[in-house]
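Novice: Requesting a structural model of the entry that follows:
(one chain, ligands or ions: 1)
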Amino acid sequence: MTTVPVNDDDPFKDPSLASSQAQQQTQPDVPPGSTLAVGRNASLTLGTDSLIVLDEGFAVSRDASNCCGLLPNKNKTTRAIPFFHILWAELVEWDITIRYAQTVSKDVVRVAYVNYTMEKTDREFVEAWVEKLLDRAYGASQRQKRIKVLVNPFGGKGTAQKLYVREIEPIFAAARCEIDAERTKYRGHAVELVENLETAAFDVIACCSGDGVAHEVFNGLAKKKDAARALTQTAVVQLPCGSGNAMSLNLNGTDSPSLAALAVVKGLRTPLDLVSITQGDKRTISFLSQSVGIVAESDLGTEHLRWLGSARFTYGFLVRLIGKTLYPADIALHVEIDNKPGIREAYSHETSQAPPTHDPRVIPPPTDGLPSLKYGTVNDALPESWTLVPHDTLGNFYAGNMAYMSPDANFFPASLPSDGCLDLIRIAGDIPRLMAVKSLLAIEKGTFFDMPHVNYAKVSAYRIIPRNQAHGYISIDGERVPFEPFQAEVHRGLGTVLSRSGHLYEAKGVC
Ligand SMILES: Nc1ncnc2c1ncn2[C@@H]1O[C@H](COP(=O)(O)OP(=O)(O)OP(=O)(O)O)[C@@H](O)[C@H]1O
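Specialist: Residues are numbered from 1 along each chain as shown. I've put the predicted structure just below:
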């Protein structure tokens, strides 16, 4: 028998769970076929949420807390490995090996394994048990995903390659994923790589980067001749290795690379709304956010303060709040829900739905490119039903397709992956300074949505024309674009990501 240390937490009230198939008969809570005897003194049982490893050998394993392991520790014979953490299980000859992601700290999991040599008994039973374990471990998530990995060696602090090798790749490998990794060489390289990628050969494109490379990957898929099909079939995921890791926070529920890798291994295919942005003669795809005004300027206009780290955004924000900076613009909206009770209700409705067991979308034919634009481009006449409304005192125009924009900044708590809407926040720039500072604090506290001066709507399209400013900042998914009018239109569920829930973000919502 070979084991590496298993999580020492023992959540089991009754450590005397069956240690053999015979004993199992006396355990009414354990369905037949759940326990596998793996030697005279050890067994593996499929519990409710975990694999229960009962091994008397654990009790005498070396442990500093028990005289170098010389004294048997009767309480430590049963250990639990949550099914979510099980990466793979296999039977080779009569050797059973189970690999899993072991929690070594709050933010880190590492590959570990248990291995037993079985007695040559009922092979069919053992094979069926392994299959049941994999079933519980993966549920509706695809096993052995084929993953194209793109590493941005300059993402974040320049440690993406190191993080990939140390924190991510071992987890993918232990889960028997097929991996093809490549580094991006220059800005825009991911767009080119993905445009020319044989996407049918991969289930997932994983960006070991910040949100910037994920933005490029969606745009690369959008440039393909069979864009609609590629965007439906290929899931885009982010492994947090950059300075902005919103995508991973929202879908993997973490900005830890190893936990995100585990979430990707277990991720469920999830349709994601994508947004066409037309500006000048260009059409690009946005998956995360668009901002004009204080948010864009606090992020993009503070590059010279990079030495401040993440505080540069807060500093930039406060300077502009206190200065009551205004960003006047004319705005036309295609509103879907214009009031907070209605938004809350739409959100609650989705959260009350059972998680989907499969992706309901029909795969588009290979001849379909991007969907046509229902409302034309920014260069076309304004659609008849739209009205341009002057916002002379605008301070913040912020449209979000996901909830978190950074850790502790759940700006869009009502956002849903595929409701066909962007959540749009508009805040006047001339509100009292104290109220403005309170708004900033309210984002972290989760009370921002309900503040009366925060105008929150769900929209499916809009046009914004900045006014009376020679220069300024517009951010699309955190990337700077020209300070010119643009139009946005949501395409419901056009893209695909992997998420933990299959239909929600990993953020506290507005229920
Ligand atoms: N080898 C490379 N050299 C220079 N730029 C690159 C390279 N690979 C990717 N990029 C660019 O780096 C930008 C930022 O990437 P990413 O989002 O991964 O990192 P980040 O640290 O979160 O971003 P930021 O620098 O904006 O804070 C992307 O626009 C991408 O095109």
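Novice: what number of residues lie near Pro482?
Specialist: Pro482 is flanked by 11 other residues according to other CB atoms under 10 Å. All C-beta atoms are positioned from the backbone trio N, CA, C, and that covers glycine.
Novice: That one reaches Gln279, doesn't it?
Specialist: Yes. Taking contacts as CB atoms under 8 Å, Pro482 lies within contact range of Gln279: 6.6 Å.
Novice: Show the contacting residues for Cys207.
Specialist: Counting by CB atoms under 8 Å, 6 or more residues apart in numbering, Cys207 touches Leu150, Asn152, Ala190, Val213, Ala214, Val217, Val236, Val237, Gln238, Leu239.
Novice: show me where pLDDT drops low in this structure?
Specialist: Counting by pLDDT under 70, the chain shows low-confidence ranges at 1-29, 59-75, 306, 308-310.
Novice: please redo it, this time with the cut-off set to 80
Specialist: The chain contains residues with pLDDT under 80 at 1-32, 39-40, 58-76, 302-315, 321-322, 511.
Novice: what does it put close to the ligand?
Specialist: By the rule CB under 6 Å from any ligand atom, the part of the chain lying against the ligand is 152-156, 184-189, 209-213, 216, 242-244.
Novice: Now stretch 373-387: buried residues?
Specialist: Under the neighbour-count criterion of 16 or more other CB atoms under 10 Å, stretch 373-387 has Tyr375, Thr377, Val378, Trp386 buried.
Novice: From the chain's centroid, how far away is it?
Specialist: 33 Å (CA atoms, centre = their mean, to the nearest Å).
Novice: So which residues of the stretch 1-150 of the chain form helices?
Specialist: Ranges of helices within the stretch 1-150 of the chain are 21-24, 56-59, 123-138, based on DSSP state H, counting those that start in this stretch.
Novice: Out of the contacts of Cys207, which is nearest to Ala296?
Specialist: Set against Ala296, the nearest of the contacts of Cys207 by CB to CB is Ala214 (18.7 Å).
Novice: which residues does that closest one contact?
Specialist: When contacts are counted by CB under 8 Å, 6+ apart, Ala214 is found next to Cys207, Val236, Gln238, Met247, Phe287, Leu288, Asp477.
Novice: before we move on, the earlier item: got any residues that touch both of Pro482 and Gln279?
Specialist: In contact with both Pro482 and Gln279: no residue, using CB under 8 Å, 6+ apart.
Novice: Val114: how many residues sit nearby?
Specialist: Residue crowding around Val114 was assessed by other CB under 10 Å; the count is 23.
Novice: Which ones among the residues of the chain next to the ligand lie within strands?
Specialist: The strands, defined by DSSP state E, take in Ser209 from those.
Novice: and the residues of the chain next to the ligand, which are buried?
Specialist: 152-156, 184, 189, 209-213, 216, 242-244.
Novice: Tell me the buried residues in the longest strand that the chain contains?
Specialist: Identified as the longest strand of the chain according to DSSP E is strand 486-499. Within strand 486-499, the residues that count as buried by 16+ other CB under 10 Å are 486-491, 493-499.
Novice: cool, stretch 307-319 as well?
Specialist: Result for stretch 307-319 [16+ other CB under 10 Å]: buried residues Arg312, Phe313, Gly316, Phe317.
Novice: Setting the sequence-adjacent residues aside, check what's closest to the second one.
Specialist: Computed as CB to CB, 6 or more residues apart in numbering, the closest residue to Phe313 that is not its neighbour in sequence is Ser298, at 5.3 Å.
Novice: ok, now how distant is that neighbour from Pro452?
Specialist: According to CB to CB, to the nearest Å, Ser298 stands 23 Å off from Pro452.
Novice: So which of the two has more stuff around it?
Specialist: Using other CB under 10 Å as the criterion, Ser298 and Pro452 rank with Ser298 on top: 24 against 7.
Novice: In which helix or strand does that one reside?
Specialist: If you go by DSSP states H and E, Ser298 is part of helix 294-300.
Novice: how about the strands in the stretch 151-300 of the chain?
Specialist: Counting by DSSP state E, counting those that start in this stretch, the stretch 151-300 of the chain has these strands, from start to end: 178-183, 204-209, 235-240, 268-279, 282-286, 289-293.
Novice: Reformat these as JSON lines; add distance to Leu259.
Specialist: Output for these, formatted as JSON lines (distance: least, CB to CB, whole Å):
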{"stretch": "strand 178-183", "distance to Leu259": "18"}
{"stretch": "strand 204-209", "distance to Leu259": "14"}
{"stretch": "strand 235-240", "distance to Leu259": "9"}
{"stretch": "strand 268-279", "distance to Leu259": "16"}
{"stretch": "strand 282-286", "distance to Leu259": "26"}
{"stretch": "strand 289-293", "distance to Leu259": "23"}
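Novice: Indicate which one of these is closest to Ala101.
Specialist: Per CB to CB, nearest to Ala101 of these: strand 235-240, 14.1 Å.
Novice: Quick check: which helices or strands does the closest one pack against?
Specialist: Packing partners of strand 235-240 (3 or more CB pairs under 8 Å, 6 or more residues apart in numbering; DSSP states H and E): strand 204-209, helix 211-223, helix 246-251, helix 257-265, strand 486-499.
Novice: Could I have the CA atoms of that strand written out in PDB?
Specialist: Presented in PDB, the C-alpha positions along strand 235-240 are these (Å, rounded to 0.1, in the frame of the first residue of the first chain):
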ATOM      1  CA  ALA A 235     -15.400  26.500 -23.700                       C
ATOM      2  CA  VAL A 236     -13.100  29.400 -22.700                       C
ATOM      3  CA  VAL A 237     -11.800  29.400 -19.200                       C
ATOM      4  CA  GLN A 238      -9.300  31.500 -17.300                       C
ATOM      5  CA  LEU A 239      -6.700  30.200 -14.800                       C
ATOM      6  CA  PRO A 240      -5.900  33.300 -12.700                       C
END
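Novice: distance between that strand and the chain's centre?
Specialist: Averaging C-alpha coordinates over strand 235-240 and over its chain gives two centres that are 7 Å apart (CA atoms, centre = their mean).
Novice: One more: stretch 147-161?
Specialist: Relative to the centre of its chain, stretch 147-161 is centred 17 Å away, using CA atoms, centre = their mean.
Novice: Next, the distance between the ends of that stretch.
Specialist: From its first residue to its last, stretch 147-161 covers 16 Å (CA to CA, to the nearest Å).
Novice: What are the contacting residues of it?
Specialist: 164, 168-169, 172, 177-184, 190, 193, 197, 201-210, 212-213, 217, 241-243, 264.
Novice: Where does the protein get nearest to the ligand, residue-wise?
Specialist: Sorted by distance to the ligand under CB to the nearest ligand atom, the residues of the chain start with Gly210, at 1.7 Å.
Novice: Backbone torsions only: list them for the nearest residue to that residue once chain neighbours are set aside.
Specialist: Sequence neighbours aside, Gly242 is the residue nearest to Gly210 in space, at 2.0 Å (criterion: CB to CB, 6+ apart). Torsion angles at Gly242 (phi, psi; degrees, to the nearest 10) stand at phi -120, psi -170.
Novice: Redo the helices and strands packed on strand 235-240 as TSV? Include distance to His349.
Specialist: Listed next are those as TSV, based on distance: least, CB to CB, whole Å:
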stretch	distance to His349
strand 204-209	29
helix 211-223	27
helix 246-251	20
helix 257-265	25
strand 486-499	16
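Novice: What strand or helix carries Asp368?
Specialist: Under the criterion DSSP H and E, no helix or strand holds Asp368.
Novice: residues touching it, list them.
Specialist: By CB under 8 Å, 6+ apart, the contact list for Asp368 reads Asp226, Ala227, Ala228, Arg229.
Novice: Tell me which residues of stretch 193-213 come out buried.
Specialist: Quick answer for stretch 193-213 (16+ other CB under 10 Å): 193-195, 197, 199, 202-213.
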